[in-house]
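Q: after the sequence you'll find the predicted model.
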Amino acid sequence: VQLQASGGGLVQAGGSLRLACAASKRTFSNYAMGWFRQAPGKEREFVAVISWSGTSTYYGASVKGRSTLSRDDAKNTVFLQMNSLKPEDTAVYYCAAGITSPQSAMYDYWGQGTEVTVSS
């Protein structure tokens, strides 16, 4: 499975972005899809995950209440809508395919990352 993340960019604090992650294979629907982020000098952090069925979503504490993760299996794509962005959301965001977990080791496939910069 190859993953292509997109949608990052520069946004002012309080703004919104929608990140997308497109998968190359039709087996996409067999995988939970997660997002992680990594800011400069910091460890990779769990952002959100949606189960393979799409019936369950889990969010990291730092984005909970401000983000919504959804998937469109017909398009082999997941979408991460992020609202009320803060400067501390600045990071490279990575999508990954694996099992439903906040642990990065549970994901077998990773996208290349898309950079999000939130200005104050």
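A: Structure received.

Q: below-threshold pLDDT in the protein: ranges please.
A: Within the chain, no stretch has pLDDT under 70.

Q: strands of the chain, start to end?
A: Assignment of strands within the chain using DSSP state E yields the ranges 3-6, 9-12, 17-23, 32-38, 45-50, 57-59, 67-72, 77-82, 91-98, 107-110, 114-119.

Q: out of those, deepest packed?
A: Mean neighbour count (mean count of other C-beta atoms under 10 Å) peaks for strand 32-38 among the strands of the chain, with a mean of 25. For the C-beta atoms, the positions are set from N, CA and C on the backbone; glycine is no exception.

Q: chain center to that one, what's the gap?
A: Relative to the centre of its chain, strand 32-38 is centred 4 Å away, using C-alpha atoms, centre = their mean, to the nearest Å.

Q: strands paired with that strand, and their directions?
A: strand 45-50 (antiparallel), strand 91-98 (antiparallel) (DSSP bridges).
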